[in-house]
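Predicted model follows, preceded by the sequence.
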Amino acid sequence: MTNDHLLLNDGEVPLAHPRIDVAAELQLRIGRLKRDYYNSETGRVDYQALRDSPGFIAYCDSCRLLQEYDLLNLRTPQEKIAFWINLYNSLIIHGIIALDVRQTVKEIYDFFGHITYRIGIADYSADDIEHGILRGNHRPPYGFFHPFAEDDPRMAYRVEEVDPRIHFALVCGSSSCPPINYYVADRLEEQLDMAAENFINGAEVEVHPEQNLLRLSPIFKWYKIDFGGHRGVLEVLARYRKKSEESSFLLEQGTRIRVEWKDYDWSLNS
């Protein structure tokens, strides 16, 4: 660990049954926290109440088990994606509490590269999880370098086929993020579809056929490559938009539609 990283699951690994499923244990604890401290309708997190709660203290103890976790236990793409989305979202919350973020994650320089969990012998920051693992080692928006070098052992655990719906599931602790959910492998397809539908029919996407105008979250600009370019963005919007006339407009007008980018609200989702 370098000096510019904060390892959040440092410390002695608690005693556990040797066959404990760490991924399932963490999902269980995340589920309990979500039930008690996350408002799934508004996307708000009660960080103040969460900070000193027995549930969060138990989660912090459990996440040290990751130091001895074998990522080869994640055998299918669905298991990998669900595990890493859940871990990313929990790491963000853990980082906000540990660093006493009050207004925005922008208070902390390189917040997403700063906070890390140790899994096995390697450390993973939020940026590593998003861009290195879930995005198949793609460069971050406006970045010059891939997260992992070709000989980095973490390359073995990346998701090779990027599912752009992850961008409707990853929660960066800001008001413009989607609401938090936690994901399970055997329901992943349904859950990601639901996340996409909720985001695309929410406040971050505005469709105005009469003005030949789209007003979009910059997520669609930052990660256009993941959606398959501008045409791919329009297709995913048309697929999930509930009003059929708006879907038809998106497909028929295509790249002739004028696009405006909404401001991203980095204020804390609390």
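Yes, it's here. All values derive from a computational prediction rather than experimental measurement.

where does the protein have low pLDDT?
Within the chain, the stretches with pLDDT under 70 are 1-3, 16-20.

list the helices and strands the host helix or strand of Leu28 packs on?
Under the criterion of DSSP states H and E, Leu28 resides in helix 22-37. Counting contacts by 3 or more CB pairs under 8 Å, 6 or more residues apart in numbering; DSSP states H and E, helix 22-37 packs against helix 47-51, helix 54-63, helix 77-98. All C-beta atoms are positioned from the backbone trio N, CA, C, and that covers glycine.

most tightly surrounded among the ones you listed?
helix 77-98 (a mean of 22; mean count of other CB atoms under 10 Å).

Return it as PDB; C-alpha atoms alone will do.
This file holds the C-alpha atoms of helix 77-98, laid out as PDB (Å, rounded to 0.1, in the frame of the first residue of the first chain):
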ATOM      1  CA  PRO A  77     -19.600 -13.300 -14.900                       C
ATOM      2  CA  GLN A  78     -22.800 -12.800 -12.900                       C
ATOM      3  CA  GLU A  79     -21.100 -13.700  -9.600                       C
ATOM      4  CA  LYS A  80     -18.200 -11.400 -10.500                       C
ATOM      5  CA  ILE A  81     -20.400  -8.400 -11.500                       C
ATOM      6  CA  ALA A  82     -22.700  -8.700  -8.400                       C
ATOM      7  CA  PHE A  83     -19.800  -9.100  -6.000                       C
ATOM      8  CA  TRP A  84     -17.800  -6.100  -7.400                       C
ATOM      9  CA  ILE A  85     -20.800  -3.700  -7.600                       C
ATOM     10  CA  ASN A  86     -21.800  -4.500  -4.000                       C
ATOM     11  CA  LEU A  87     -18.200  -4.100  -2.900                       C
ATOM     12  CA  TYR A  88     -17.700  -0.800  -4.800                       C
ATOM     13  CA  ASN A  89     -20.900   0.700  -3.200                       C
ATOM     14  CA  SER A  90     -19.900  -0.400   0.300                       C
ATOM     15  CA  LEU A  91     -16.300   0.900  -0.200                       C
ATOM     16  CA  ILE A  92     -17.700   4.300  -1.100                       C
ATOM     17  CA  ILE A  93     -19.900   4.500   2.000                       C
ATOM     18  CA  HIS A  94     -17.100   3.200   4.200                       C
ATOM     19  CA  GLY A  95     -14.700   5.800   2.700                       C
ATOM     20  CA  ILE A  96     -17.200   8.700   3.300                       C
ATOM     21  CA  ILE A  97     -17.600   7.700   6.900                       C
ATOM     22  CA  ALA A  98     -13.900   7.000   7.500                       C
END
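
now the helices and strands packed on helix 22-37 in JSON lines, with distance to Pro218?
Listed next are those as JSON lines, based on distance: least, CB to CB, whole Å:
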{"stretch": "helix 47-51", "distance to Pro218": "25"}
{"stretch": "helix 54-63", "distance to Pro218": "31"}
{"stretch": "helix 77-98", "distance to Pro218": "18"}
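
With that, I have no additional questions.
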